[in-house]
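Participant: here is my input, please return the structure:
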Amino acid sequence: MRNFIRLQLKLKWGFNRNNSKRNAVMTAIAALLAVAIVLALVWGLAYVLNRSLQVSAKRLSVMFITVLTVCLTVVATGSQINRLYRPGDLHITARFPLSPFKVFVSYLIINYIDLAIYSAILFLPVMMVFGWAVGCITFVYVLGVLLGTLLLPLLPFGLSVFLAIPIMYVDSLLKKHNVVKLISFIVLLVGLFALYYYILTVLAEFFIHRNWEEGTLGIWESILQGLDSYYNPAYYLGNVVFFQNFWLGLGAYLGASVLLIGGGVAVAKLVYRNIRTKQLESGAEKGKRVSRLDNYADGRAILRHTFLEIMHTKAYSYFYLGVAISTPVMVFFCNRLVQMVGEAQIGQGINFGVAMLVISVFMALIGSYASTILSVEGKNFYITKLIPVPYRKQLCLKSTVNVAVSLGALLVSVIVMVALQFISAVETVVLTLSQILFAVGLVLNGINLNLANPNLKPKANGEAEEINITYMLLIGLVIAALYGMFSILMPKLVPETNVYLYLINIGIGLIYAAVNFFVFWFTADRKYRKIEV
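Facilitator: Okay, the predicted model is just below:
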């Protein structure tokens, strides 16, 4: 059992020598950027709340501990479902010299170790940045944070063992209703983004006006008061971190965690045994399905295949289509926020620059998934070499779907901005034309990158290769920054240059699309022929 646990942890956290150093560096950069953004938000919110509200550091910390507890519970619940109830390697582990009970216990231990690592990655830096923002870092506080890092995983782990079963059951009911799950994901994504927008607006309001309105003060006072109560487990962990009513907090948190873990494991053991048996017994018939021949033309067949591939792959349907469909709403929020901050710092007349920056960022988010146009085929890639369709035509047809998704999100976003009279008619034409070129350039760039780095090795659940998406996202954000820099600053530095500004924006998109088009047109066939599964 010990060797099994060690093997699973090595697969999850160990260094894979097959990965290139470049991939490791890019992944590390992306992770550091994400952590930096989170910590900056934590520092800003803690700093502002500490100076706007008359509350103790301990009461303020409970809010951040609550958020971390919720995040860890979500991560732990997903891990419980994937490892215990829907393992991709069940038929392999069933042949190991381990009893089902030992496999069950091993997975529980592995899940808890994962959670402990995530706790150290999240809780320790967040609470240290919080302490720096509110000025409460002392030796006792650091000791309390270290103790809290050890205790934090217990409660989320216990909750996840209980929550995994009903969530898995609901998900199984929606297994053949991907559209319903996609809609739910979009609603959740928009809700989270609206919350993120509100927090940033609150921070901007404070730093611009150095004060809050009474309504804003009342909302945050109610939130902090509601969270800092006996009904919130984070309240007791906050007592431990700040050594206030230490033994009460420690006893209550440990007691609740032990009860949840014990009861959850007892229930999960029964469910695990039944699910494992059913999966092993039905494994031989799992792949059987009645197929039929569809009399589609080659172009329509490839387009249909690409669309179905998007809908049946989680990474695509949720994060690709989900982001694309919710882009107009998020563009509206971002435009309002950046406009408010920009007018305070730069002055009036920055709407066009703000719109160009925001639209470019979301085009980069959507277009980055074109870098998986080949990777998503996985081990079935060889089929694309057997069908009687030229390679370049296949790529052009697949890219059509990606371009259509990007342009659909762009069109709706532009309509929203026009309806709100955010930009003029001329600015609308310039923005639309430049962003169409940018979207086409992103898709072609993604294809060129994927041809050079196909990543066709089998991946769990057909997930897209993330490193190519990271590359493309960084490239897209750099170009989006160029759009924003020219569009916002140039009219202020060199007045009466709107015509030149418009030409520069269109020129950036035209050059980017043209370069990637020529690379694609003259190298795609040669690179495609060299790819082997």
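
Participant: packing partners for the helix or strand containing Phe307?
Facilitator: Using DSSP states H and E, Phe307 maps to helix 298-312. Contact partners of helix 298-312 among helices and strands, from 3 or more C-beta pairs under 8 Å, 6 or more residues apart in numbering; DSSP states H and E: helix 391-419. All C-beta atoms are positioned from the backbone trio N, CA, C, and that covers glycine.

Participant: how far is the helix it packs on from where the chain is centred?
Facilitator: How far helix 391-419 lies from its chain's middle: 21 Å, per C-alpha atoms, centre = their mean, to the nearest Å.

Participant: in that helix, which residues are buried?
Facilitator: Neighbour-count burial for helix 391-419 flags 391, 394-399, 401-403, 405-407, 409-410, 413-414, 416-417 (criterion: 16 or more other C-beta atoms under 10 Å).

Participant: average pLDDT for that helix, rounded please.
Facilitator: Averaged over helix 391-419, pLDDT sits at 88.

Participant: who touches Gly226 in this structure?
Facilitator: If you count contacts by C-beta atoms under 8 Å, 6 or more residues apart in numbering, Gly226 has none.

Participant: thought Val55 was touching Leu49?
Facilitator: Yes. Val55 lies in contact with Leu49 (C-beta atoms under 8 Å); the separation is 7.5 Å.

Participant: residues that sit against both of those two, list them.
Facilitator: Leu224.

Participant: more neighbours, those two?
Facilitator: Leu49 (23 against 18; other C-beta atoms under 10 Å).

Participant: does the more buried one touch Ala57 like I think?
Facilitator: No. Leu49 is beyond contact range of Ala57, at 10.2 Å (criterion: C-beta under 8 Å).

Participant: all strands of this protein, in order?
Facilitator: Per DSSP state E, the chain carries no strands over any range.

Participant: domains in it, as residue ranges please.
Facilitator: What automatic domain parsing lists as the domains of the chain is 2-282, 298-530.

Participant: most packed of the ones you listed?
Facilitator: Mean neighbour counts were taken over the domains of the chain using mean count of other C-beta atoms under 10 Å, and the top value, a mean of 18, falls to domain 298-530.

Participant: how far off centre is that domain?
Facilitator: Worked out by C-alpha atoms, centre = their mean, domain 298-530 lies 17 Å from the chain centre.

Participant: and the helices in the stretch 101-250 of the chain?
Facilitator: For the stretch 101-250 of the chain, the helices defined by DSSP state H, counting those that start in this stretch cover 139-151, 154-173, 178-209, 214-227, 233-242, 246-282.

Participant: so which of these is nearest Ser79?
Facilitator: With C-beta to C-beta, the closest approach to Ser79 among the helices of the stretch 101-250 of the chain belongs to helix 154-173: 7.3 Å.

Participant: who's in contact with that closest one?
Facilitator: Contacts for helix 154-173 (C-beta under 8 Å, 6+ apart): 69, 72-73, 75-77, 79-81, 84-86, 108, 111-112, 115, 181, 233, 237, 253-254, 256-261, 263-265, 267-268, 271.

Participant: re the thing from before, for the helix holding Phe307, output the C-alpha coordinates as PDB.
Facilitator: C-alpha atoms of helix 298-312 as PDB (Å, rounded to 0.1, in the frame of the first residue of the first chain):
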ATOM      1  CA  ASP A 298     -16.000  15.900 -46.400                       C
ATOM      2  CA  GLY A 299     -16.200  19.600 -45.400                       C
ATOM      3  CA  ARG A 300     -19.400  19.300 -43.400                       C
ATOM      4  CA  ALA A 301     -18.200  16.000 -41.800                       C
ATOM      5  CA  ILE A 302     -15.000  17.700 -40.500                       C
ATOM      6  CA  LEU A 303     -16.900  20.700 -39.300                       C
ATOM      7  CA  ARG A 304     -19.400  18.500 -37.500                       C
ATOM      8  CA  HIS A 305     -16.600  16.400 -36.000                       C
ATOM      9  CA  THR A 306     -14.800  19.500 -34.700                       C
ATOM     10  CA  PHE A 307     -18.000  20.900 -33.100                       C
ATOM     11  CA  LEU A 308     -18.900  17.600 -31.500                       C
ATOM     12  CA  GLU A 309     -15.300  17.400 -30.200                       C
ATOM     13  CA  ILE A 310     -15.700  20.700 -28.600                       C
ATOM     14  CA  MET A 311     -19.000  19.700 -26.900                       C
ATOM     15  CA  HIS A 312     -17.700  16.300 -25.700                       C
END
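
Participant: now it and helix 178-209, what's the angle there?
Facilitator: Put simply, helix 298-312 runs at 70 degrees to helix 178-209, going by axes from the mean of the first three to the mean of the last three C-alpha atoms, to 10 degrees.

Participant: what mean pLDDT does helix 298-312 have?
Facilitator: 74.

Participant: stretch 55-72 now?
Facilitator: 89.

Participant: how near is His261 to Ala268?
Facilitator: Not quite, residue 261 is Ile, not His. 10 Å (C-beta to C-beta, to the nearest Å).

Participant: for Ile373, what are phi and psi?
Facilitator: phi -60, psi -30 (degrees, to the nearest 10).

Participant: dump the residue contacts of it.
Facilitator: So Ile373 contacts Leu395, Lys398, Ser399, Asn402, Gly446, Ile447, Asn450 (C-beta under 8 Å, 6+ apart).

Participant: is it true that the fifth one touches Asn468?
Facilitator: Yes. If you go by C-beta under 8 Å, Gly446 and Asn468 touch, sitting 7.4 Å apart.

Participant: which neighbours do the two share?
Facilitator: With C-beta under 8 Å, 6+ apart, Gly446 and Asn468 have common neighbours Ser371, Thr372.

Participant: using JSON lines, lay out the helices of the stretch 101-250 of the chain together with mean pLDDT.
Facilitator: Output for the helices of the stretch 101-250 of the chain, formatted as JSON lines (pLDDT from 0 to 100):
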{"stretch": "helix 139-151", "mean pLDDT": "92"}
{"stretch": "helix 154-173", "mean pLDDT": "83"}
{"stretch": "helix 178-209", "mean pLDDT": "74"}
{"stretch": "helix 214-227", "mean pLDDT": "77"}
{"stretch": "helix 233-242", "mean pLDDT": "90"}
{"stretch": "helix 246-282", "mean pLDDT": "81"}
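
Participant: out of those, which gets nearest to Ala28?
Facilitator: Using C-beta to C-beta, the nearest of these to Ala28 is helix 139-151, at 22.1 Å.

Participant: got a list of contacts for the closest one?
Facilitator: Contacts of helix 139-151 (C-beta under 8 Å, 6+ apart): 65, 116, 119-120, 123-124, 127-128, 131, 237, 240-243, 250, 253-254, 257.
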